[in-house]
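**Q** need coordinates for the following:
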Amino acid sequence: MSIKTRIAAAALAALAVTGTMVTTTSQAQAKPPGWVWGVGAGIATAAVVGSAIAASNDPYYYGYHRCGWTPRYNAFGQYVGNVRTCY
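**A** Below is the predicted model of the structure:
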């Protein structure tokens, strides 16, 4: 780390400490909750509804319901092998 970088880091740290002291020494003011409660309620409701929907569906790791092996052929019509296909 060069000396210029160290000086810049020290100046930035001093500025951050000064800014923190200025903001913490001001008086606190109570305000009505306003729209914050609505946003919080919306997020909580979305979490509950999303959890209920996810719990009611089959998990993905059970796989698809209709899967099977399908023969594959190349461009000349020769049998190449089987491929698992799900639909």
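**Q** that's a helix at residue 50, yeah?
**A** Yes - secondary structure of residue 50 (DSSP: H, G, I helix; E, B strand; the rest coil): part of a helix.
**Q** let me see the ranges of the helices in this structure.
**A** Along the chain, the stretches classed as helices by DSSP state H are 3-24, 36-56.
**Q** let's have the ones you listed in CSV, adding distance to residue 82.
**A** Every C-beta, even on glycine, is put in place using the N, C-alpha and C of the backbone. Output for those, formatted as CSV (distance: least, Cβ to Cβ, whole Å):
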stretch, distance to residue 82
helix 3-24, 62
helix 36-56, 34
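**Q** who wins for proximity to residue 83 among those?
**A** Of all the helices of the chain, the one in closest proximity to residue 83, counting by Cβ to Cβ, is helix 36-56 (30.9 Å).
**Q** what residues are up against the nearest residue to residue 71 once chain neighbours are set aside?
**A** In this structure, residue 71 finds its nearest non-sequential neighbour in residue 82, 5.8 Å apart by Cβ to Cβ, 6 or more residues apart in numbering. Residue 82 makes contact with 69, 70, 71, 72 under the criterion Cβ atoms under 8 Å, 6 or more residues apart in numbering.
**Q** go ahead and confirm the last one touches residue 85.
**A** I take that to be residue 72. No - assessed by Cβ atoms under 8 Å, residue 72 is found out of contact with residue 85, at 9.5 Å.
**Q** pLDDT value on residue 24, please?
**A** You'll see residue 24 listed with a pLDDT of 56.
**Q** what does the one 4 residues further on give?
**A** For residue 28, the pLDDT comes out at 68.
**Q** same deal with the one 5 residues further on?
**A** Here, the pLDDT recorded for residue 33 equals 70.
**Q** count residues in the vicinity of it, would you?
**A** 8 (other Cβ atoms under 10 Å).
**Q** for residue 70, same thing?
**A** 10.
**Q** contacting residues around it?
**A** Under the criterion of Cβ under 8 Å, 6+ apart, the contact list for residue 70 reads 82, 83, 84, 85.
**Q** mind redoing it with 7 Å?
**A** When the contact criterion is Cβ atoms under 7 Å, 6 or more residues apart in numbering, the partners of residue 70 are 82, 83, 85.
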